[in-house]
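>>> structure for the following, please:
(one chain, ligands or ions: 1)
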Amino acid sequence: MCSSDLGKGDKRLRPNDSPRFTFQTAFPRRLSTPGHYAYLRISDGCDNSCTYCLIPSLRGRYQERPQKMLISEARRLVDQGVREIILIAQDTSYYDYSPGTGSGLSSLLEALNGIQGLDWIRVLYAHPRHIDRHLLQTIAGCDKVCPYLDIPLQHINDGILDKMGRNISRVEIEEILRQARELVTDISIRTTLMVGFPGEGEEEFSELADFVLAQRFEHLGVFQYSPEVGTAALRYGSGVDELHADRRREKLMEVQQEISTERLNRLRGRVIPVIVDRPYPESGSPLMIGRAIFQAPEIDGIVVVEGGDIRPGQIVEVKITDSSEYDLYGIN
Ligand code: SF4
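The predicted structure follows:
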């Protein structure tokens, strides 16, 4: 599939010719994050129509912030000491998107990449429908953009994807993942999956489990479907019973645990850059907690660093000496 194909058949609520609305945020921003990283919301609301989700009715239709405003906010954040900016939205890859030209997120990433003093840029919540070759090439080509992409996939069975209203097929998802691995060297892919959606029988679940085994995602989150009043998915029934769905969630996480353990184990002996987040939460401990370039805050694992005089906000070289299922341990 080529990049322009990815936009075809886009069943979105917003007509393509409708204006893109913008919203503002106040300055100066008070950071709730440690000070050296910050989330930058590039848009709000969502025009997708995932049948299990209430966000479009709660947050409204898609509104994006102009690139100029985002760059100016990013510069201010960097002036305040931020070294890592994490782009968030309900659907980041839909930024300045059009079916003809694809995602405009590339242009935003290129502009952010030019900000002096900024070290890492990370993209979360990229809907696979709007990821294209050009976006992946931009991630590969911008030295500050982490080789990391969060692509919530939810499922892989075509029947379930259709019922979920995800507007994408298994073949298309696999092509995007193939392109991501081909174009972005050492990319780490995070995804989230949902188990227990109505119609997920043993066959559909096995397909999902085999997919997880085959793709070997670097990071995975699994959630159980929860019927929400007001969502279109209710017409399909209440879903798989809770106990059963929980067993499926556990099964996927067991598979992922093995994949992650093996992947992190291979890093022992390597020296990698780590951004230092905070002291280890044990009074008097000389250890610090940080993250490698393939770890987003709060959702991925951590690196526990033993070292001399290192402070939050520094990016330091760490020699990995040990690993567990999801975390790394090393010496600066
Ligand atoms: S799940 Fe995400 S992409 Fe789908 S409608 Fe909700 S917010 Fe939008």
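
>>> which pLDDT does the model give K68?
Per-residue pLDDT puts K68 at 97.

>>> same question but for N16, I mixed them up
In this model, N16 is scored at 31, pLDDT.

>>> ok and the residue in the stretch 101-250 of the chain nearest the ligand?
H127 (5.3 Å; Cβ to the nearest ligand atom). For the C-beta atoms, the positions are set from N, CA and C on the backbone; glycine is no exception.

>>> any idea how far that residue lies from D210?
As for H127, its distance to D210 is 23 Å (criterion: Cβ to Cβ, to the nearest Å).

>>> these two - which one has more neighbours?
Between H127 and D210, H127 has the larger neighbour count (other Cβ atoms under 10 Å), namely 23 against 12.

>>> what's the closest non-adjacent residue to the more buried one?
Spatially, and ignoring its direct neighbours in sequence, H127 is nearest to D91 (4.4 Å; Cβ to Cβ, 6 or more residues apart in numbering).

>>> so for the residue of the stretch 101-250 of the chain closest to the ligand, what's the pLDDT?
For H127, pLDDT reads 97.

>>> average pLDDT across the helix or strand harbouring I289?
Assigned by DSSP states H and E, I289 falls within strand 287-292. Across strand 287-292, the average pLDDT comes to 96.

>>> got the buried residues for stretch 98-109?
For stretch 98-109, burial by neighbour count (16 or more other Cβ atoms under 10 Å) applies to 102-106, 108-109.

>>> return the residues in contact with the nearest residue to L287 once chain neighbours are set aside.
Spatial nearest neighbour of L287, chain neighbours left out: Y280 (3.7 Å); criterion: Cβ to Cβ, 6+ apart. Taking Cβ atoms under 8 Å, 6 or more residues apart in numbering, we find Y280 in contact with 287-289, 304.

>>> report the buried members of those.
Buried by 16+ other Cβ under 10 Å: 288-289, 304, out of the contacts of Y280.

>>> reformat those as JSON lines; add distance to Q80.
Below are those laid out as JSON lines (distance: Cβ to Cβ, whole Å):
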{"residue": "M288", "distance to Q80": "21"}
{"residue": "I289", "distance to Q80": "22"}
{"residue": "V304", "distance to Q80": "27"}
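
>>> hang on, the earlier thing: of the contacts of Y280, closest to L70?
Nearest to L70 among the contacts of Y280: I289, at 28.9 Å, using Cβ to Cβ.

>>> who's the closest one bridged to?
I289 forms beta bridges with R278, V304, as assigned by DSSP bridges.

>>> tell me who's in contact with it.
Residues in contact with I289 (Cβ under 8 Å, 6+ apart) are 276-281, 302-305.

>>> rerun at 7 Å
Taking Cβ atoms under 7 Å, 6 or more residues apart in numbering, we find I289 in contact with 277-278, 280, 302, 304.

>>> for the stretch 151-300 of the chain, what spans make up the helices?
158-164, 170-183, 202-215, 242-265 (DSSP state H, counting those that start in this stretch).

>>> need the three-state assignment for the nearest residue to Y62 once chain neighbours are set aside.
Sequence neighbours aside, D47 is the residue nearest to Y62 in space, at 4.3 Å (criterion: Cβ to Cβ, 6+ apart). What DSSP: H, G, I helix; E, B strand; the rest coil gives for D47 is coil.
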